[in-house]
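> Quick one, structure for this:
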Amino acid sequence: MFLRARRYTFVIADRQTGTVRRFTLSLRPTLLVVGAVFALPVLIGLGARWSVRAQFEELRSANAAVQVENDSYREATGQLASQIGELEAAVQQLGDRAAVDPSASKAMEKLPAIVKSQAMGGSTSSGASSVMNGGAPETAFGVLSDLLGAIGNRLESVREGVERRRALAQATPSIWPVAGWLTSSYGTRSDPFTGESGFHPGLDISADYGKPVLATGDATVETAGPNGAYGNMVVLDHRFGITTRYGHLSRIAVTAGQTVKRGDVVGYVGSTGRSTAAHLHYEIWMNGRLANPMTLLAR
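Predicted structure coming up:
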């Protein structure tokens, strides 16, 4: 059984007019209203505090995400900087490697097209368009990384071409094998033994007996020894279908299979074989055919 709520009556009288007003209040509702009035600011404060805390947590999470993203960008930037540095070094190296001796470069330009083609090789380039057409990367860093990778692949292809060109330039017979006097040119001449007109397959360079004979380009010694009318002869294989012959040597300074560089001594001037005096007989062959050495020799 519930007890009836207490009720209080307030009387307000106006002395001038004699008006009397009565107000009756129940205790419980009044206390509830008063409690609500005092509790409302507290509840509002608590709500604001919870809201601030929630926003703070959101900011903390966002800051952590930004930190992770910054770290990722920092790492990606470092990788891109490393790639760019490597590409710069590769470009510098290509510039250094592309430079060849002017006389060798001039002689190389006079080589037959079929000889040059053997040094060209294939090209496997993957340009920037292949990167862009392969699907849009998720981030700008991905695009840059892919582009740099494509450029790196292209540089690798260019490097291979530069190396082949450099190898051809080094192998091209471009210097005089010995300093002396040109006594017989390439082509038709009178035979020194018979006086009859005949074809001379190389150059005869008169020089002092025993003077060093030099390799005219980088090569591998194909043969080194006596060879009939040529006397003591050295044959060098310069690759790319190019070979040179050095005949009538008094002494041979290399052996078969040996690698020589342009300017290395391969033998010494002599008069062995079918010869009338000390001189060097010099020939150039390209893809199995004789060639005029004067077209490649520096004047």
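> which residues in this protein form strands?
7-13, 20-26, 181-184, 187-190, 197-200, 203-206, 212-214, 219-226, 232-237, 242-252, 259-260, 265-269, 279-286, 289-291 (DSSP state E).
> So Tyr246 sits against His281, correct?
Yes - taking Cβ atoms under 8 Å as the definition, Tyr246 is a contact partner of His281 at 7.5 Å. To be clear about C-beta, it is placed using only N, CA and C from the backbone, and glycine gets the same treatment.
> more crowded one of these two?
Neighbour count, other Cβ atoms under 10 Å: between Tyr246 and His281, Tyr246 has more, with 28 against 24.
> Go ahead and confirm Ser272 touches His248.
For residue 272 the amino acid is Thr, not Ser. Yes - counting by Cβ under 8 Å, His248 is a contact partner of Thr272 at 5.4 Å.
> Can you pull the residues that touch both of the two?
231-232 (Cβ atoms under 8 Å, 6 or more residues apart in numbering).
> what ranges do the helices span in the stretch 51-200 of the chain?
All helices of the stretch 51-200 of the chain, identified by DSSP state H, counting those that start in this stretch, fall at 102-109, 113-120, 128-133, 140-171.
> ok so, going back, between Thr272 and His248, tell me which one has more neighbours.
His248 (26 against 18).
> Lowest mean pLDDT among the helices and strands of this structure, which one is it?
helix 128-133 (a mean of 43; mean pLDDT, DSSP states H and E).
> wait, Glu227 sits on His248?
That one is not Glu; residue 227 is Asn. No - with contacts counted by Cβ under 8 Å, Asn227 stays clear of His248, the gap being 10.2 Å.
> Identify the contacts common to the two.
By Cβ under 8 Å, 6+ apart, the residues touching both Asn227 and His248 are 233, 273.
> can you tell me which of the helices of the stretch 51-200 of the chain the model trusts least?
Of all these, the minimum mean pLDDT falls on helix 128-133 (a mean of 43).
> Low-confidence ranges, the stretch 1-150 of the chain, go.
Residues of the stretch 1-150 of the chain meeting the criterion pLDDT under 70: 1-8, 10, 23, 25-27, 69-81, 83, 85, 87-100, 119-150.
> make it 50
For the stretch 1-150 of the chain, residues meeting the criterion pLDDT under 50 lie at 1-2, 122-138.
> before we move on, back to that, just send the strands of the chain back as a markdown table, with distance to Lys110 too.
Formatted as a markdown table, the strands of the chain follow (distance: least, Cβ to Cβ, whole Å):
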| stretch | distance to Lys110 |
| --- | --- |
| strand 7-13 | 126 |
| strand 20-26 | 121 |
| strand 181-184 | 18 |
| strand 187-190 | 17 |
| strand 197-200 | 20 |
| strand 203-206 | 16 |
| strand 212-214 | 20 |
| strand 219-226 | 18 |
| strand 232-237 | 19 |
| strand 242-252 | 12 |
| strand 259-260 | 22 |
| strand 265-269 | 23 |
| strand 279-286 | 11 |
| strand 289-291 | 10 |
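> Val162 is nearest to which of these?
Of all those, strand 242-252 sits nearest to Val162, with 19.6 Å by Cβ to Cβ.
> ok, so what distance separates Ser174 from Gly161?
20 Å (Cβ to Cβ, to the nearest Å).
> So between the two, which is more surrounded?
Ranked by neighbour count (other Cβ under 10 Å), Ser174 and Gly161 place Ser174 first, with 23 against 16.
> if I pick the more buried one, what's in contact with it?
Here Ser174 is in contact with 101, 103-104, 106-108, 216-217, 262, 296-298 (Cβ under 8 Å, 6+ apart).
> cool, and Val235?
221-224, 243-246.
> try Ser275
231, 248, 281 are the contacts of Ser275 under Cβ under 8 Å, 6+ apart.
> what about 7 Å?
231, 248 (Cβ atoms under 7 Å, 6 or more residues apart in numbering).
> can you tell me how far it sits from Gly35?
On the measure of Cβ to Cβ, Ser275 and Gly35 end up 132 Å apart.
> go on, Glu222?
The value you get for Glu222 to Gly35, if Cβ to Cβ is used, is 114 Å.
> These two: who's more crowded?
Glu222 (15 against 10).
> my read: the more buried one touches Asp237, true?
Yes - counting by Cβ atoms under 7 Å, Glu222 touches Asp237, with 4.5 Å between them.
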